[in-house]
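Peer 1: sequence first, then the predicted structure, then my questions.
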Protein chains: 2
Amino acid sequence: MENFEFVSPTRIIFGRGTDREVGKTVAQYAKRVLIHYGSDRIKTSGLFDRVVSSLTAEGLEYVELGGVAPNPRLSLVREGIELCRKHSVDLILAIGGGSVIDSAKGIAAGVPDAEHDVWDFFLGKGTPKVCLPIGVVLTIPAAGSEASRSCVLTNEDGWYKRGLGNDLFRPRFAVMNPELTFSLPPYQSASGISDIMSHIMERYFTNTTKVDLTDRLCEATLKTVIENASLVIQHPEDYDARAEIMWASTIAHNDLLSTGRIGDWGSHQIEHELSGMYDVTHGAGLAVIQPAWMKHVYKHDLKRFVQFAVRVWNVDERFDDPERTALEGIGRLKAFFSSIGLPVSLKELGIPSDRFDEIAAKTFQERSTGVGNFVKLTESDVKAILELARE
Amino acid sequence: MENFEFVSPTRIIFGRGTDREVGKTVAQYAKRVLIHYGSDRIKTSGLFDRVVSSLTAEGLEYVELGGVAPNPRLSLVREGIELCRKHSVDLILAIGGGSVIDSAKGIAAGVPDAEHDVWDFFLGKGTPKVCLPIGVVLTIPAAGSEASRSCVLTNEDGWYKRGLGNDLFRPRFAVMNPELTFSLPPYQSASGISDIMSHIMERYFTNTTKVDLTDRLCEATLKTVIENASLVIQHPEDYDARAEIMWASTIAHNDLLSTGRIGDWGSHQIEHELSGMYDVTHGAGLAVIQPAWMKHVYKHDLKRFVQFAVRVWNVDERFDDPERTALEGIGRLKAFFSSIGLPVSLKELGIPSDRFDEIAAKTFQERSTGVGNFVKLTESDVKAILELARE
């Protein structure tokens, strides 16, 4: 086990009706709020009004900024920074999923720093030293951004998607009402599930040995997600199944599962280029890339892939043929993604094979620490993974 | 799943050599520290000097108060409160295990409140509103107090042992170096393991349904503790096994595993009277009481005990005889405790059977909310459990 520091101070307020009480929590931190969101769906659903009512009941003022798109963009973050400065906002309240929360994090880091453009931080030119407090009303369980230290933005100038980690990015609180996820379409629910699972698997595949507890916590969370996935696809208003997926999304990415171990993140890095270039849904892209990545690297640590197959996928271990056991596990992961309606090839995702070289090259641009840790990938590895993912 | 709020803000600083850096962390919160500890062993081992060096290197001042006994006592807490007031201490640094940390929590709650005697809080006459910050250098993995909201003290005036929960009791930071646990004698290591497992099992046995994620996280943590237990007993300097047990002790009791569910705590309540009256080691008492409690209540929810047997103890499920499966699980728990050198009967613990009525009666005194939740126990239930634990 590696030495580690871990802190996850986000206050989780979880359950039915919790979105009606947002104002009371916000009032502990702020007087003037930026409500940040994506589409107008939160207005037609009544959620926006409920939140505003609870804010005004506490005497809080607000300005609003909608329009966050999937793969949230730098230009809107810059617009948010200006708006917050103009109105002396002292808390960003993100209502939405990972894209909205990440956009809010970008704004929160940019507002107090007059010396840097916020993109500088993502290029390693400077580090955020202070941040406006961030609150969340979660509507999409997927990115785990509601309690994570990470933030991923896309710069439209070149379509680079880059991530940044900092404990200042951890929201002060996250209001999580599973009922708000009843209306998610099946494809979006499934993409969220893939994203959650990927956050766990990126941590699971590690070269760090003797990490029993986090191995088992990873396996426990994966099994829970797998067992509840078909329920939320088939019965969108199954509160308990929605609740399991929602709480798992947070646990998957608040760094508990990476304590004492070094994760991989190669699949995420490749997928970031895909979704930056083709604007595909992040979780769908991961459902395509992650099994292909596994097929490419499993021989690096066959025992770990056997463990994954046996413990997560209940594969009957073939002691005389560990390779077959390992491949059966990877096969079940792929079959599972298919079963919940996700693409498992670039072809199904609608991505042609004519720009593999460009994707591979871009994956390495502006990444000083390389791509992947479990296996340090080269450009030709990335191309081989894309080939394995082709159809 | 039940609605819940969860926050666990303690900064965990985990790994080899971390105790040399305590001063830097303390300096973020305080200028004058009370170093609180148990026996002089931390002085002969050199730990006390290392901590003091790191404090003085940061220009921090300190006073010290040792002498905390297992089942920490109210009189020393009151002495600590006076000492802190006299020296204007602004952080309590607990060096030790659960008893020292709980004693520190009692002091931290008592210092700022001039209106209440600290025991009032434990009797429900008043609630702590502020608390001095608490830091921890953990030497015994067991109680989980290093990140928990709970504090258990014993009032020598009548030998009542009572617990209190409050988020203010969560330490600001916990320095956790598994090397510091190498010197723990086997019996103390085993008692710690029993305490950790009991914290999980008290949460596991619940009437709340549809709690898949926390069920599996509980099972994952239990399995990790079970698998590493014999290693730390047989090889006290196995760093990795010590690290697994140490990190599990925190996870077991920081309330992550009780999110969305209502735990039982009946076994703890009974054991508190035992260790209050006979001053036995808490974990050893639990090793006796918990299996007896299980035998008394398993019919209340046979399926849950089957799940416990199959998932935690790898019992081959007898689908035609769930009762046999359930009892096999309880039997394996008891055999496991024996295998690591713990008593599994009151006789082995040295407790005679002549005061069962008194223990049962005391368990219900000054407990307005009753004893147990999974099954609400009566005095005759407690006596039946003590009979089952007799030999």
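Peer 2: Everything's here; your move. Numbering: from 1, shown residues only, chains lettered A, B, ... in the order given.

Peer 1: now the helices for the stretch 101-250 of chain A?
Peer 2: Using DSSP state H, counting those that start in this stretch, the helices of the stretch 101-250 of chain A run over A:118-122, A:186-204, A:212-234, A:239-251.

Peer 1: go on, the stretch 251-391 of chain A?
Peer 2: Under DSSP H, counting those that start in this stretch, the stretch 251-391 of chain A gives helices at A:266-278, A:282-297, A:302-307, A:313, A:322-339, A:346-349, A:356-364, A:379-388.

Peer 1: contacts for the shortest one?
Peer 2: Contacts of helix A:313 with the rest of the structure, by C-beta atoms under 8 Å, 6 or more residues apart in numbering or on different chains, involve A:328-329, A:332-333. Where you see a C-beta, it was placed from the backbone N, CA and C, and this is true even at glycine.

Peer 1: count of neighbours near A:Glu358?
Peer 2: For A:Glu358, the tally of surrounding residues (other C-beta atoms under 10 Å in any protein chain shown) stands at 11.

Peer 1: and the nearest residue to it once chain neighbours are set aside, what is it in contact with?
Peer 2: What sits nearest to A:Glu358 in space, not counting adjacent residues and going by C-beta to C-beta, 6 or more residues apart in numbering or on different chains, is A:Met277, at 7.8 Å. The contact partners of A:Met277, taken as C-beta under 8 Å, 6+ apart, are A:159, A:355, A:358-359, A:362.

Peer 1: can I get the helices of the stretch 251-391 of chain A in CSV including distance to A:Ala147 and mean pLDDT?
Peer 2: Listed next are the helices of the stretch 251-391 of chain A as CSV, based on distance: least, C-beta to C-beta, whole Å; pLDDT from 0 to 100:
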stretch, distance to A:Ala147, mean pLDDT
helix A:266-278, 18, 90
helix A:282-297, 18, 97
helix A:302-307, 27, 98
helix A:313, 27, 98
helix A:322-339, 25, 98
helix A:346-349, 29, 96
helix A:356-364, 27, 94
helix A:379-388, 30, 97
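
Peer 1: which of those helices sits most buried?
Peer 2: Comparing the helices of the stretch 251-391 of chain A by mean neighbour count (mean count of other C-beta atoms under 10 Å in any protein chain shown), helix A:282-297 comes out on top with a mean of 26.

Peer 1: hey, C-alpha coordinates of stretch A:280-293 in CSV?
Peer 2: Provided in CSV are the C-alpha atoms of stretch A:280-293 (Å, rounded to 0.1, in the frame of the first residue of the first chain):
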residue,chain,number,x,y,z
VAL,A,280,-20.0,11.7,-28.1
THR,A,281,-21.4,11.0,-24.6
HIS,A,282,-18.5,10.4,-22.3
GLY,A,283,-20.0,7.2,-20.7
ALA,A,284,-20.8,5.8,-24.1
GLY,A,285,-17.2,6.5,-25.3
LEU,A,286,-15.9,4.7,-22.2
ALA,A,287,-18.1,1.7,-22.8
VAL,A,288,-16.3,1.3,-26.2
ILE,A,289,-12.7,2.1,-25.0
GLN,A,290,-12.5,0.4,-21.7
PRO,A,291,-13.1,-3.3,-22.9
ALA,A,292,-10.7,-2.7,-25.8
TRP,A,293,-8.1,-1.3,-23.4
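
Peer 1: picking up where we left off before, any idea how far the residue nearest to A:Glu358 is from B:Lys223?
Peer 2: 43 Å (C-beta to C-beta, to the nearest Å).

Peer 1: in terms of pLDDT, where does the closest residue to A:Phe205 other than its chain neighbours sit?
Peer 2: Nearest in space to A:Phe205, with sequence neighbours left out and distances taken as C-beta to C-beta, 6+ apart, is A:Phe374 at 4.5 Å. Note for A:Phe374: predicted pLDDT of 98.

Peer 1: who's in contact with A:Phe374?
Peer 2: Contact partners of A:Phe374, counting by C-beta under 8 Å, 6+ apart, are A:205-207, A:263-264, A:266, A:297, A:300-301.

Peer 1: what residues of the strand ranked longest in chain A count as buried?
Peer 2: With DSSP state E setting the assignment, residue counts place strand A:4-14 as the longest strand in chain A. The neighbour-count check on strand A:4-14 (16 or more other C-beta atoms under 10 Å in any protein chain shown) flags A:4, A:6-8, A:10-14 as buried.

Peer 1: pick out the residue closest to the middle of chain A.
Peer 2: Here the mean C-alpha position of chain A is nearest to the C-alpha of A:Ala143 (C-alpha atoms, centre = their mean), at a distance of 2.3 Å.

Peer 1: burial check on the nearest residue to A:Arg242 once chain neighbours are set aside, number of neighbours?
Peer 2: Excluding the flanking residues, the one nearest A:Arg242 by C-beta to C-beta, 6+ apart is A:Pro178, at 3.9 Å. Residues contacting A:Pro178 under the criterion other C-beta under 10 Å number 25.

Peer 1: got the contact list for A:Pro178?
Peer 2: Taking C-beta under 8 Å, 6+ apart, we find A:Pro178 in contact with A:15-16, A:239, A:242-243, A:246.

Peer 1: let's have the residues you listed in CSV, adding pLDDT.
Peer 2: Supplementary listing: those in CSV, determined by pLDDT from 0 to 100:
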residue, pLDDT
A:Gly15, 98
A:Arg16, 98
A:Tyr239, 98
A:Arg242, 98
A:Ala243, 98
A:Met246, 98
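
Peer 1: distance of the spatially closest residue to A:Ile134 that is not a sequence neighbour relative to chain B?
Peer 2: Taking C-beta to C-beta, 6+ apart, and ignoring the residues beside it in sequence, A:Ile134 has A:Pro171 as its nearest neighbour in space, at 4.3 Å. The gap separating A:Pro171 from chain B is 12 Å, by C-beta to the nearest C-beta, to the nearest Å.

Peer 1: would you list the phi and psi of A:Pro171?
Peer 2: Dihedral angles phi and psi of A:Pro171 (degrees, to the nearest 10) take the values phi -60, psi 150.

Peer 1: quickly list the domain ranges of chain A.
Peer 2: Chain A breaks down into these structural domains: A:11-180, A:186-388 (assignment by automatic domain parsing).

Peer 1: ok, and what's touching the helix-or-strand element of chain A with minimal mean pLDDT?
Peer 2: Taking mean pLDDT, DSSP states H and E as the measure, the helix or strand of chain A with the lowest value is strand A:160-165, at a mean of 86. When contacts are taken as C-beta under 8 Å, 6+ apart, the neighbours of strand A:160-165 outside the stretch itself are A:71, A:121-123, A:149-155, A:268, A:272-273, A:275-276, A:362, A:365-366.

Peer 1: quick one: neighbours of A:Ala229, just the number.
Peer 2: Residues lying near A:Ala229 (other C-beta under 10 Å) number 24.

Peer 1: surely it is in contact with A:Phe336?
Peer 2: Yes - counting by C-beta atoms under 8 Å, A:Ala229 sits close enough to A:Phe336 to count as a contact (7.5 Å).

Peer 1: need the residues touching each of the two.
Peer 2: When contacts are counted by C-beta under 8 Å, 6+ apart, A:Ala229 and A:Phe336 have no shared neighbour.

Peer 1: near chain B, which residues of the stretch 101-250 of chain A show up?
Peer 2: Where the stretch 101-250 of chain A comes near chain B, counting by C-beta under 8 Å from any C-beta of the partner chain, the residues are A:209-210, A:212-213, A:216-217, A:219-221, A:223-224, A:227-228, A:239-240, A:243-244, A:247-248.

Peer 1: no further questions, thank you.
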